[in-house]
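# what's the 3D shape of this:
(2 chains)
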Amino acid sequence: DTAVSQTPKYLVTQMGNDKSIKCEQNLGHDTMYWYKQDSKKFLKIMFSYNNKELIINETVPNRFSPKSPDKAHLNLHINSLELGDSAVYFCASSPMTGAVNTEAFFGQGTRLTVV
Amino acid sequence: GNSVTQMEGPVTLSEEAFLTINCTYTATGYPSLFWYVQYPGEGLQLLLKATKADDKGSNKGFEATYRKETTSFHLEKGSVQVSDSAVYFCALSDRNTDKLIFGTGTRLQVFP
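Numbering: from 1, shown residues only, chains lettered A, B, ... in the order given. Next up is the predicted model:
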């Protein structure tokens, strides 16, 4: 059983298109995240949701819109894709917010290539 | 703001060599500290963690000690294997903002 699963694993699309990446966790965690990893492997948090509510929204273009239908799912929708959006996007979840030993469990990543 | 600084890679070692990957942090308060590992083509996995000063995290032969006085959390392993080749990320968890902040990652390459 995969704890945090993302689909698709690979996504190649043209500039200007709209695409979504889905994420589901079966760990019963309250908090879910989206991270972006660029070509130099640098990881940056984009969003964090706790029980379907937005907690963290970093400086991300508003073309990126997360949606959490329930606490087990956090999908990422991207409008008007640009070349600079090409990256690996990781979904993650953690048991609770503000915990002393909060650790995040990561999905396998979605490699997005915009051409 | 809070941040994590890691040594730049790649780190290239022969099998059975000693490994150190340096990590220092800047934080207000008392964060938890983590090392994550990313094997080729995979997501990040927690390798070890420490939640307070002087704690030592250990797993799979890797160790790191939470040093408040030097704000460091260096990763060490006495004898690396080819299978340890991966990218290693140091991270801190800010309880106030609920962010997990990562360093830039250090690529380790181990040759037989």
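# Tell me the residues on chain B that lie near chain A, please.
Residues of chain B lying close to chain A (Cβ under 8 Å from any Cβ of the partner chain) are B:32, B:34, B:36, B:38, B:42-46, B:49, B:51, B:87, B:89, B:93, B:95-102, B:104-105, B:107. Any C-beta I mention is one placed from the backbone N, CA and C, and that applies to glycine too.
# Quick one, which of these are buried?
Neighbour counting by 16 or more other Cβ atoms under 10 Å in any protein chain shown classes B:32, B:34, B:36, B:38, B:43-44, B:46, B:49, B:51, B:87, B:89, B:93, B:95, B:97-102, B:104-105, B:107 among the residues of chain B next to chain A as buried.
# how many other residues sit next to residue B:103?
25 (other Cβ atoms under 10 Å in any protein chain shown).
# What distance do you get for it to residue B:67?
Residue B:103 sits 16 Å away from residue B:67, going by Cβ to Cβ, to the nearest Å.
# Relative to the whole chain's centre, how far out is the helix-or-strand element of chain B with minimal mean pLDDT?
When the helices and strands of chain B are scored by mean pLDDT, DSSP states H and E, strand B:99-102 comes last with a mean of 83. Mean C-alpha position of strand B:99-102 versus that of the full chain (Cα atoms, centre = their mean, to the nearest Å) differs by 13 Å.
# Adjacent strands (with direction) for the very next helix or strand once past that strand?
Per DSSP states H and E, the first helix or strand lying C-terminal to strand B:99-102 is strand B:106-111. Applying DSSP bridges, strand B:106-111 is found paired with strand B:11-14 (parallel), strand B:86-94 (antiparallel).
# what lines up beside the least confident helix or strand of chain B in the sheet?
strand B:86-94 (antiparallel).
# Now do the strand it pairs with: everything it contacts.
A:41, A:43, A:101-103, B:2, B:4, B:6, B:9, B:21, B:23, B:25, B:27, B:29, B:31-40, B:44, B:47, B:73, B:75, B:99-103, B:105-108 (Cβ atoms under 8 Å, 6 or more residues apart in numbering or on different chains).
# ok, now with 7 Å
A:41, A:43, A:102, B:2, B:4, B:6, B:21, B:23, B:25, B:27, B:31-39, B:44, B:73, B:75, B:100-103, B:105-108 (Cβ atoms under 7 Å, 6 or more residues apart in numbering or on different chains).
# Let me see the ranges of the strands in chain A.
In chain A, the strands defined using DSSP state E lie at A:4-7, A:10-13, A:19-25, A:31-37, A:43-50, A:53-57, A:64-70, A:73-78, A:87-94, A:105-106, A:110-114.
# Number of residues surrounding residue 86?
I'll assume chain A. Neighbours of residue A:86 under the rule other Cβ under 10 Å: 17.
# Actually, chain B is the one I wanted.
Neighbours of residue B:86 (other Cβ under 10 Å): 21.
# Run through the residues that contact residue A:89.
By Cβ under 7 Å, 6+ apart, residue A:89 lies in contact with A:21, A:34, A:36, A:76, A:109-110, A:112.
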